[in-house]
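1. Need coordinates for the following:
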Amino acid sequence: MDDGQEGRTMLELIAGVLIVLWVLGLATSTTMGGLIHVLLVIAAVVVLLRVIGGRKVV
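-> Numbering: from 1, shown residues only. Next up is the predicted model:
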């Protein structure tokens, strides 16, 4: 596995964890739900920046 694939796998894992936490926040309707939404938006922005940038991070 090359470094690019390893970084992508890590990013997918983090995004998956954030999505699960977001769903839990929606299901429990606690004040943590707002924080989960903010984290999800940050994760989406990071993914978009990586896709748009297309540069390999060292």
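2. Can you give me the pLDDT of residue 22?
-> Turning to residue 22, the model gives it a pLDDT of 76.
3. what is the mean pLDDT for stretch 43-55?
-> On average, stretch 43-55 scores 81.
4. what sits up against it?
-> Contact partners of stretch 43-55, identified using CB atoms under 8 Å, 6 or more residues apart in numbering, comprise 11, 14-15, 18, 57. Every C-beta, even on glycine, is put in place using the N, C-alpha and C of the backbone.
5. Next secondary structure after the host helix or strand of residue 9?
-> Using DSSP states H and E, residue 9 sits in helix 3-28. Next in sequence after helix 3-28, counting helices and strands by DSSP H and E, comes helix 32-53.
6. Buried ones in that next one, by neighbour count?
-> For helix 32-53, the neighbour count (16 or more other CB atoms under 10 Å) marks 33, 36, 39-40, 43 as buried.
7. pLDDT check: weakest of the residues you listed?
-> Lowest pLDDT among the buried residues of helix 32-53: residue 33, with 61.
8. quick one on the thing from earlier: just the closest of the buried residues of helix 32-53 to residue 23, please.
-> residue 36 (8.6 Å; CB to CB).
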